[in-house]
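Chemist: Whatever this is, show me its structure:
(chains A and B)
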Number of protein chains: 2
Amino acid sequence: MKINILGTHATKFGELWNISPRALAREAMENALNASGLKASDIDALYVGNMLSGILGNQANLGSLLVEELGVQVPAFRIEGACASGGLALHNAINSLKAGQYKTVLVLGIEKMTDHSQDEITNALMSAGSDEERLAGATFPGVYALMAQAYMQQYKVSEEDLACVSVKNHYHGTLNPKAQFQFPITIADVMRSAKIADPLKLLDCSPISDGAAAVVITSENILKKNKKPIQIIASEVATDTLSLHDRKSFTSLSAVVEASTKAYGKAGLKPSDIDVAEIHDCFSISEAIATEDLGFSKKGEGARDIAKGKRTLFKGDIICNPSGGLKACGHPVGATGIKQIVELTEQLRGEAGKRQVEKARIGLAHNVGGSGTIAAIHILQK
Amino acid sequence: MKINILGTHATKFGELWNISPRALAREAMENALNASGLKASDIDALYVGNMLSGILGNQANLGSLLVEELGVQVPAFRIEGACASGGLALHNAINSLKAGQYKTVLVLGIEKMTDHSQDEITNALMSAGSDEERLAGATFPGVYALMAQAYMQQYKVSEEDLACVSVKNHYHGTLNPKAQFQFPITIADVMRSAKIADPLKLLDCSPISDGAAAVVITSENILKKNKKPIQIIASEVATDTLSLHDRKSFTSLSAVVEASTKAYGKAGLKPSDIDVAEIHDCFSISEAIATEDLGFSKKGEGARDIAKGKRTLFKGDIICNPSGGLKACGHPVGATGIKQIVELTEQLRGEAGKRQVEKARIGLAHNVGGSGTIAAIHILQK
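Modeler: A predicted model of the protein is given here:
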């Protein structure tokens, strides 16, 4: 069965203080429906990827609330798996089509984070961490800093090499009108930004963001009504331990390796077949490691390949994070996995404007929750 | 494709202050695996139905945490839809089998509620309500009391008739060693219990509970290894508005009517074919209305049929809540939808001990979230 993408929409990402969570969700849902040429009554179900509405918003039953917001009554599900909630929602939505249970479903990712204090946010985000790491006072920057230390030592990689991830993604962000940060930064800017958790500095870290993104997927034949069909040809999920100390390696995320290996297998593709990828760069180190775990770069060469421009628009081979990634486009956690699909769809349709990847035919989305505890990989084909 | 139930397990329901949420979850998961003759490494994925771990426990990424607790690394999903979280988790798990994505999955429902203060619990539960109802100070007893008032007035039903729901379910609870309340009550007991929200009294209301329940389902042929195959032959979900004031009727839940109509259609069955049902009796009025919405009783006759014994073990026709239901067995919200499946499986296998429904061949589970905002209906066949 073919899983076709119809319309998509991502809202502006950023500090959106003048819009409520449900209005933000509605904006993404209604625009994705409009882009699909559908009415709300044409969908069979709603899948919502969201991490924090319970903890921060005291809101349960979010799926039902949001179909009511659309003015229809269809089955609705909230799927939660930390920062991978968006990718996990899409995975379950795809399964519902393959099962024949639903034919056309709306998949939304939504998070509203900036209305809360730093303490509230830090505490809420660590709800996805392990007890041991929480009790030790570790935050996610701290946990990823440990990976960065191990990576730099093992592969003789410099802080400047890692900084190139943020420099690249900020450059891409300047080309994305929906990005939270649309200004360029230099390696020197990263190096002199405040230390968060050694060796990670402020500009190595993705921001706290608000945003929503939605896609309509269908198992029905859309060739007649849609001239640019994009298909999701693989959807795979894998998990790892919550704590770093239980893992064999600090410099590779086994959940990403496992899910991407399965996804390549299902799609009949190899890493070099990927033209464009949206990577879960919650920290600079995350993208460096991800490009290796996904097979784009050799082990230990991910950061250096990025520094050399191999993942950069208009000069690289496999372009990573043309949207600006989590670093520059922003990271409203539950929305991220769906925003990646929106970006890849625009890229494969040739509708990505100033940041269009040339001849983009195959795209990969890499969405991770916790410190690599769960990973969702999707492959899209033109 | 046949969806087969392998092993099942429900923990004791009640105020379980000496066990942590994850130990409680593990007890249910490991016993369900043991009952299936499987090891944790035999499952392809874990689906977790849970409503409140974020709000009450500041815990996200619950799926990943619980596969780690099992000592394996497989895809894991938390599905949330208020008190229907269990049923919705099962629905998505079934879709994953029908999609061919997974072959054997573990589905867990878990909630740990009694470690928190009444205020915390009340606030957390209302996270599933509508804004208008919350702002008006309504709690779920208040919202269901409005339905009870309308129902009693419209159909000339007495408080004593409604009380019979609780009397029946407490009687059933006396036969269930895992029930939170295993003592009988009388109509007089209900009538003189404290008013909660007129006309609902304390003994019209299900309790705050801790508990977990798990089932293993598989798409593989189990006839060889399992002499008592039980199949899930329908799984349907529907939604309604969050607020009562937006609905056409106060005395019928359209989500239940819609989901059960679809489920009967898929199963090729009619209401009178059901031998045993587990009903979401969060309040006495809920079961009265449910038996009408499910087609067991004529409109306005649900409560009176229960009062006449038509839903009671050893004398009724369609036996409702042999487990004791939410009222007597307990209502750990995310666990309820899965506990219903555990109970029905035991009934259809003839393993329900003192509360065995004679010649039970077909069972129905009715799981509702919010004030009827979302409903999940499953039909099981021997």
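
Chemist: In contact with the residue nearest to residue A:242 when sequence neighbours are not counted, which residues?
Modeler: Leaving aside its chain neighbours, residue A:242 sits nearest to residue A:130 (3.7 Å; criterion: C-beta to C-beta, 6 or more residues apart in numbering or on different chains). (Each C-beta comes from the backbone N, C-alpha and C, glycine too.) Taking C-beta atoms under 8 Å, 6 or more residues apart in numbering or on different chains as the criterion, residue A:130 is in contact with A:241, A:242, A:243, B:65.

Chemist: Got the domain ranges for chain A?
Modeler: Here the domain assignment for chain A is A:4-117+A:209-218, A:137-207+A:229-381, based on automatic domain parsing.

Chemist: average model confidence for the longest one?
Modeler: To tie it back to what came earlier, the one meant is domain A:137-207+A:229-381. When pLDDT is averaged over domain A:137-207+A:229-381, the result is 97.

Chemist: okay, how far is it across that domain, tip to tip?
Modeler: Its start and end residues considered, domain A:137-207+A:229-381 measures 43 Å (C-alpha to C-alpha, to the nearest Å).

Chemist: Could you do the first one as well?
Modeler: Distances were taken as C-alpha to C-alpha; on that basis the terminal residues of domain A:4-117+A:209-218 are 5 Å apart.

Chemist: now stretch A:240-258
Modeler: Between the start and the finish of stretch A:240-258 there is a gap of 10 Å, counting by C-alpha to C-alpha.

Chemist: who's the residue of the stretch 201-350 of chain A found nearest chain B bridged to?
Modeler: Residue of the stretch 201-350 of chain A nearest chain B, by C-beta to the nearest C-beta: residue A:237 (3.8 Å). Per DSSP bridges, residues listed as beta-bridge partners of residue A:237: residue A:376.

Chemist: contacting residues around it?
Modeler: Neighbouring residues of residue A:237 by C-beta under 8 Å, 6+ apart: A:84, A:87, A:88, A:91, A:259, A:374, A:375, A:376, A:377, B:45, B:75, B:77.

Chemist: any idea what sits nearest residue A:355, other than its immediate chain neighbours?
Modeler: What sits nearest to residue A:355 in space, not counting adjacent residues and going by C-beta to C-beta, 6+ apart, is residue A:175, at 3.8 Å.

Chemist: The one you found contacts residue A:356, doesn't it?
Modeler: No: under the criterion of C-beta atoms under 8 Å, residue A:175 is not in contact with residue A:356, lying 9.0 Å apart.

Chemist: Please report how far residue A:172 lies from residue B:147.
Modeler: Separation of residue A:172 from residue B:147 (C-beta to C-beta, to the nearest Å): 54 Å.

Chemist: correction: residue A:45
Modeler: Taking C-beta to C-beta as the measure, residue A:45 falls 26 Å from residue B:147.

Chemist: got the contact list for the nearest residue to residue A:13 once chain neighbours are set aside?
Modeler: The shortest distance from residue A:13 to any non-neighbouring residue, by C-beta to C-beta, 6+ apart, is to residue A:330 (3.4 Å). With contact taken as C-beta under 8 Å, 6+ apart, residue A:330 is in contact with A:13, A:14, A:179, A:180, A:181, A:206, A:207, A:209, A:210, A:211, A:324.

Chemist: before we move on, the earlier item: the domains of chain A: which one's closest to residue B:113?
Modeler: Nearest to residue B:113, of all the domains of chain A, is domain A:4-117+A:209-218, at 13.0 Å by C-beta to C-beta.

Chemist: circling back to that earlier point, Serialize the contacts of residue A:130 to JSON lines and add fields for secondary structure and neighbour count.
Modeler: Written out in JSON lines, the entries for those read as follows (DSSP: H, G, I helix; E, B strand; the rest coil; neighbours: other C-beta atoms under 10 Å in any protein chain shown):
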{"residue": "A:241", "secondary structure": "coil", "neighbour count": "22"}
{"residue": "A:242", "secondary structure": "coil", "neighbour count": "27"}
{"residue": "A:243", "secondary structure": "coil", "neighbour count": "20"}
{"residue": "B:65", "secondary structure": "helix", "neighbour count": "27"}
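
Chemist: Okay, helices next: where are they in chain A?
Modeler: Per DSSP state H, chain A carries helices over the ranges A:21-36, A:53-57, A:62-70, A:85-98, A:118-125, A:131-135, A:140-155, A:159-173, A:187-192, A:254-267, A:284-293, A:302-307, A:325-329, A:333-348.

Chemist: hang on, the earlier thing: winner for burial among the domains of chain A?
Modeler: Among the domains of chain A, ranked by average contacts under mean count of other C-beta atoms under 10 Å in any protein chain shown, first place goes to domain A:4-117+A:209-218 (a mean of 24).

Chemist: next one: that one to chain centre, how far?
Modeler: Shown here is domain A:4-117+A:209-218, whose average C-alpha point lies 14 Å from the average C-alpha point of the whole chain (C-alpha atoms, centre = their mean, to the nearest Å).

Chemist: got it, and stretch A:177-193?
Modeler: Per C-alpha atoms, centre = their mean, the centroid offset for stretch A:177-193 relative to its chain is 19 Å.

Chemist: rewinding a little: identify, from the contacts of residue A:237, the entry nearest to residue B:122.
Modeler: The nearest one, if we look at those relative to residue B:122 and count by C-beta to C-beta, is residue B:77, at 28.2 Å.

Chemist: That closest one contacts residue A:88, doesn't it?
Modeler: Yes: Residue B:77 sits in contact with residue A:88 when judged by C-beta under 8 Å, with a separation of 5.6 Å.

Chemist: what's the overlap in contacts for those two?
Modeler: Counting by C-beta under 8 Å, 6+ apart, the shared contacts of residue B:77 and residue A:88 are A:79, A:81, A:237.

Chemist: how near is the second one to chain B?
Modeler: In this case it means residue A:81. When distances are taken as C-beta to the nearest C-beta, to the nearest Å, residue A:81 and chain B turn out to be 6 Å apart.

Chemist: Could you measure from residue A:379 over to chain B?
Modeler: Here the distance between residue A:379 and chain B works out to 15 Å (C-beta to the nearest C-beta).

Chemist: In contact with that residue, which residues?
Modeler: The neighbourhood of residue A:379, defined by C-beta under 8 Å, 6+ apart, consists of A:232-234, A:263-264, A:266-267, A:269, A:274, A:362-365.

Chemist: How about residue A:346?
Modeler: With contact set as C-beta under 8 Å, 6+ apart, residue A:346 has these partners: A:8, A:352.

Chemist: end to end, how far does stretch A:107-126 reach?
Modeler: Its first and final residues considered, stretch A:107-126 spans 25 Å by C-alpha to C-alpha.

Chemist: how distant is it from the center of its chain?
Modeler: Stretch A:107-126 has its C-alpha centroid displaced from the chain centroid by 16 Å (C-alpha atoms, centre = their mean).

Chemist: that older thread, now do the residue nearest to residue A:242, the pLDDT please.
Modeler: So, for residue A:130, pLDDT stands at 90.

Chemist: likewise residue A:60?
Modeler: According to the model's per-residue confidence, residue A:60 sits at a pLDDT of 89.

Chemist: Residue B:169 versus the residue of the stretch 201-350 of chain A closest to chain B, what's the distance?
Modeler: Note on residue A:237: its distance to residue B:169, by C-beta to C-beta, is 39 Å.
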